[in-house]
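Peer 1: Predicted model follows, preceded by the sequence.
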Amino acid sequence: MRVLIVEDNKPFAALVAQYLQRAGFESDRAESLEEAEHATSTMTYSAIVLDLGLRDGDGMELLRMFRQRGDSTPIVIITARHGLEDRVRGLREGAGDYLAKPFSIDELVARLHAVMRRPGKLLNQVLRAGNITLNTSRWC
């Protein structure tokens, strides 16, 4: 499982990457929206750990861009913004989960596992096997 860590605080991102590696994750790091866009255009990730306060903009922009183009990659927001309005906005915009800093790395690992178990990539798909078709976006 490969995770993209989008965080502009290098020491913090390195620490998160180190702990994720111990938990069995491989990871790449991006320090800006631009780097994150480039990374996601060249690699498919199991999940994204996204800080909102980045040097070139708000991480919420990246989240919106992903969801507008139909990308269902699970995203866990990690941020210093801990207000109720911020958390609700992040979840409504399409984040799979939201953690306010400081947080327990064990909780981040658990939440990553949880969002990756959700069937996001299977939603709005038409699956076919022989003469059987399953449309995951409609109940028939």
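Peer 2: Arrived safely. From a predicted model like this one, the values you see are computed outputs, not experimental measurements.
Peer 1: Okay, now the unreliable bits of this protein?
Peer 2: Low-confidence segments of the chain, defined by pLDDT under 70: 120-127, 135-140.
Peer 1: try it again with 50
Peer 2: Counting by pLDDT under 50, the ranges of the chain that qualify are 122, 139-140.
Peer 1: what does stretch 2-19 contact?
Peer 2: Counting by C-beta atoms under 8 Å, 6 or more residues apart in numbering, stretch 2-19 makes contact with 20, 25-33, 35-36, 39-40, 43-51, 53-55, 59, 62, 78, 105, 108-109, 112, all of which sit outside it. (C-beta placed from N, C-alpha, C; glycine too.)
Peer 1: what residues are up against the residue nearest the centre of the chain?
Peer 2: By C-alpha atoms, centre = their mean, the mean C-alpha position of the chain lies nearest to residue 75, the distance being 1.7 Å. By C-beta under 8 Å, 6+ apart, the residues touching residue 75 are 47-50, 63, 66, 94-96, 115.
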